[in-house]
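1. compute the structure for the input listed below.
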Amino acid sequence: QDVPVYGDTLENLSRFDERVILPFNSLGTLAMSRNVDDPNSADTQFFWLLKENDLTPSGTNVLDGRFSVFGYVVENAAALRDLKVGDVIESVRILDGMKNFEDPGR
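-> I've put the predicted structure just below:
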């Protein structure tokens, strides 16, 4: 199903075997952090996957469908290793998929 899921996880919806559109599969994957027990607890914290994911390819990663992936770093991914707690994201440019940032249920 090619529609965004809001307020739940694919696992909770018994859709854990579905292929996600934006999987956790490479260095520089950008996702939103949340309390593992509350799908609606995400707010302002994001995280990057800081390693290549050779052992768990797309569709088999335990993070797929549980956390929202927003995109991937497409240039200078090596700079991610220099980030420290407290660093501030000053700007972000969305190249494609803006329609997925709007909750149609609201």
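
2. in the chain, where is pLDDT below threshold?
-> For the chain, the stretches with pLDDT under 70 are 1-4, 16, 52-62, 100-106.

3. need the helices for the protein, in chain order.
-> In the chain, no helices are defined using DSSP state H.

4. surely G28 meets A78?
-> No. Counting by Cβ atoms under 8 Å, G28 stays clear of A78, with 9.4 Å between them. The C-beta positions use only the backbone N, C-alpha and C, and glycine is treated the same way.

5. so which of these two has more stuff around it?
-> With neighbours defined as other Cβ atoms under 10 Å, G28 and A78 compare such that G28 has more, 18 against 10.

6. contact partners for that one?
-> G28 makes contacts with 48-49, 72-74, 77, 80, as judged by Cβ atoms under 8 Å, 6 or more residues apart in numbering.

7. just flag the most distant two among the residues you listed.
-> Comparing every pair within these by Cβ to Cβ identifies L49 and V74 as the most remote, at 14.0 Å.

8. quick one, strands of the protein?
-> 29-32, 46-48, 69-72 (DSSP state E).

9. which helices and strands does the shortest one pack with?
-> Right, the one you point to is strand 46-48. strand 29-32 (3 or more Cβ pairs under 8 Å, 6 or more residues apart in numbering; DSSP states H and E).

10. how far does the strand it packs on sit from the chain's center?
-> The chain centroid and the centroid of strand 29-32 are separated by 4 Å, computed with Cα atoms, centre = their mean, to the nearest Å.
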